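In: coordinates only, no sequence provided:
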């Protein structure tokens, strides 16, 4: 089995490689077929927005599965840098879809809760209508549409509030800020699903062995606000820090954030099974393992 991972140095790309090497995730063992998998991992040295580069790369590897973890995830920067957002989040996935189709590869493309408006009163399921409100969300939605248009063997996996052992994320930011400041203000009117990259990687590898193509939601089970999330992080880290709630208006950002963007893992439940951990249990193990990893 040949696997090509793009965005390989990011939180998710790194986690997929770590699980492949170990043969297991924190959820459990992965399929034995992965023991002999040939993994090609690329990052910014390959520009996925360049069709020629992508065709050359995919053509040389001829992977069974392409896992696209590459994305411009700086939500605020996307608001002003339209071109880069379009190139990385939309054109890149299009190019990978065209190349994957040409060489007979499955394509797993990672997307986001930001494709929704964020004004729901219950968790979004896969058939709900997308209505992104930010440039980031719009570019990611266009990437989804391109993948669906150009690949007949694709999985679109939407996730949210992701944190992993490599790279920057909300959990590491809160731990550092709590130690430095001793008091934090965190928004309490945006709700979503904290997601451990280890859990997400486990499910991606499960999907890759199937022909259950389509759109998936894959987030930690349960929901909370950023304030709840931060308070739990500080508590589990045993840091003497006061965490106080504030509103989105009190903490303005260039890009509009969804007020409610919780996702339900309905398609997982209907196909390979939803083994995503409760967000609090996954976070507890993450913080225990963070220094060791």
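Out: Great, that's in hand. Note that the structure is a prediction, hence the values are computed from the model and not measured.

In: now the strands for the stretch 1-150 of the chain?
Out: Remark: strands assigned in the stretch 1-150 of the chain by DSSP state E, counting those that start in this stretch are 2-6, 38-42, 65-68, 106-112.

In: the second one to strand 2-6, inter-axis angle?
Out: The reference is to strand 38-42. For strand 38-42 against strand 2-6, the angle between stretch directions is 10 degrees (axes from the mean of the first three to the mean of the last three C-alpha atoms, to 10 degrees).

In: average pLDDT for strand 38-42, rounded please.
Out: Strand 38-42 carries an average pLDDT of 97.

In: among the strands of the stretch 1-150 of the chain, which is nearest residue 207?
Out: Closest to residue 207 of the strands of the stretch 1-150 of the chain is strand 106-112 (C-beta to C-beta; 6.5 Å). (C-beta placed from N, C-alpha, C; glycine too.)

In: against which helices or strands is that closest one packed?
Out: Secondary-structure packing of strand 106-112 (3 or more C-beta pairs under 8 Å, 6 or more residues apart in numbering; DSSP states H and E): strand 65-68, helix 92-102, helix 135-150, strand 154-159, helix 197-208.

In: which secondary structure elements does the third one contact?
Out: So the one you mean is helix 135-150. helix 75-78, helix 82-86, helix 92-102, strand 106-112, strand 154-159.

In: do you know which of the ones you listed lies nearest residue 200?
Out: Per C-beta to C-beta, nearest to residue 200 of the helices and strands packed on helix 135-150: strand 154-159, 5.5 Å.

In: give me the contact list for the closest one.
Out: In this structure, residues lying in contact with strand 154-159 by C-beta atoms under 8 Å, 6 or more residues apart in numbering are 97, 100, 106-113, 115, 126, 144, 147-148, 195, 200, 203-204, 207-208, 212-219, 263.

In: one more time with 7 Å, if that's ok
Out: Applying C-beta atoms under 7 Å, 6 or more residues apart in numbering, the external contacts of strand 154-159 come out as 97, 107-113, 115, 144, 147-148, 195, 200, 204, 207, 213-219, 263.

In: show me which of these are buried.
Out: By neighbour count, with 16 or more other C-beta atoms under 10 Å, those hold 97, 107-113, 115, 144, 147-148, 195, 200, 204, 207, 213, 215-219, 263 as buried.

In: now the residue nearest the centre of the chain: how far from residue 29?
Out: Taking C-alpha atoms, centre = their mean, the centroid of the chain lies closest to residue 159, which sits 4.7 Å from it. To residue 29, residue 159 is 22 Å away according to C-beta to C-beta, to the nearest Å.

In: what does residue 236 give?
Out: 26 Å.

In: also residue 63?
Out: Distance, residue 63 to residue 29, by C-beta to C-beta: 23 Å.

In: so which of these two has more stuff around it?
Out: residue 63 (25 against 12; other C-beta atoms under 10 Å).

In: okay but the more buried one is in contact with residue 2, surely?
Out: Yes: between residue 63 and residue 2 there is a contact at 4.4 Å, judged by C-beta atoms under 7 Å.

In: how deep is residue 9 tucked in, by neighbour count?
Out: Residue 9 has 17 neighbouring residues, counting by other C-beta under 10 Å.

In: where does the residue of the chain positioned farthest from its centre sit: helix, strand or coil?
Out: What lies farthest from the middle of the chain is residue 240; by C-alpha atoms, centre = their mean that is 30.4 Å. Secondary structure state of residue 240, per DSSP: H, G, I helix; E, B strand; the rest coil, is coil.
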